[in-house]
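> when you get a sec, could you give me coordinates for this:
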Amino acid sequence: MASSKRQRSKSGRLKGDERIFLVVVDESDEMRVALRFASLRAKATDGRVALFAAIEPSDFGHWQAVKERMEEELREEAEARLEKFADDVNVLSGKMPIIYIRYGTHRDVLLQLLHEEPQISVLVLAAGTGGKGPGPLISHLTGKEYSKIDIPITIVPGNLSDEAIDAVT
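Numbering: from 1, shown residues only. Next comes the predicted model:
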């Protein structure tokens with residue numbers, strides 16, 4: 001629990017706390033690059049990784065029971081996916097990650113999480129590897145939403161090999 005005597009930086013983040021590297025877990029291949037990078041940076045700085053997944057709301061307005069069951073299944077899938085990656089993080093960083101699962105659109109609940117959790121120090125994302133740009137989340141967060149974020153965003157090239165990540169961390 002946060003003590004009121006701990007100093008906060010100008011951004012409101014707690015000073016002296018463990019450095020937390022947040023990774024957005026999705027189905028992309030490049031997400032694994034962000035995960036490895038964050039895990040090795042956490043290990044090098046005695047920090048910790050946090051994994052984030054959003055459960056997109058379903059649109060079954062008048063079918064409430066179906067909606068609830070679908071959301072329950074999506075949460076179970078998200079938990080299983082995060083557990084699998086949590087083991088990888090533990091091996092790479094030496095610490096079990098913090099897990100965040102939120103209901104809502106990725107963009108909205110990610111911004112909400114960053115404002116609610118002052119211990120998160122760095123957001124680590126990997127850029128898309130195709131010719132279609134860095135990816136929708138990176139484009140969104142580095143565009144009009146950039147002024148709403150008060151922590152550094154580390155964007156890792158999504159095509160880095162494990163060896164290249166190891167060399168820079």
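
> which strands and helices lie in contact with the longest helix along the chain?
Within the chain, and with DSSP state H defining each element, the longest helix by residue count is helix 64-93. With contacts taken as 3 or more C-beta pairs under 8 Å, 6 or more residues apart in numbering; DSSP states H and E, helix 64-93 sits against helix 31-44, strand 48-55, strand 98-103. Just so you know, the C-beta spots here come from the backbone N, C-alpha and C atoms, and that holds for glycine as well.

> which residues of the chain score low on pLDDT?
Within the chain, the stretches with pLDDT under 70 are 1-16, 58-62, 64.

> run the last query once more with 80
Filtered on pLDDT under 80, the chain yields the residue ranges 1-17, 57-68, 130-132.

> re the thing from before, now the longest helix of the chain, how far from the centre of its chain.
14 Å (C-alpha atoms, centre = their mean, to the nearest Å).

> of all the helices and strands packed on helix 64-93, which one is nearest residue 150?
strand 48-55 (16.4 Å; C-beta to C-beta).

> ok, that closest one: who's next to it in the sheet?
Under the criterion DSSP bridges, strand 48-55 sits next to strand 20-24 (parallel), strand 98-103 (parallel) in its sheet.
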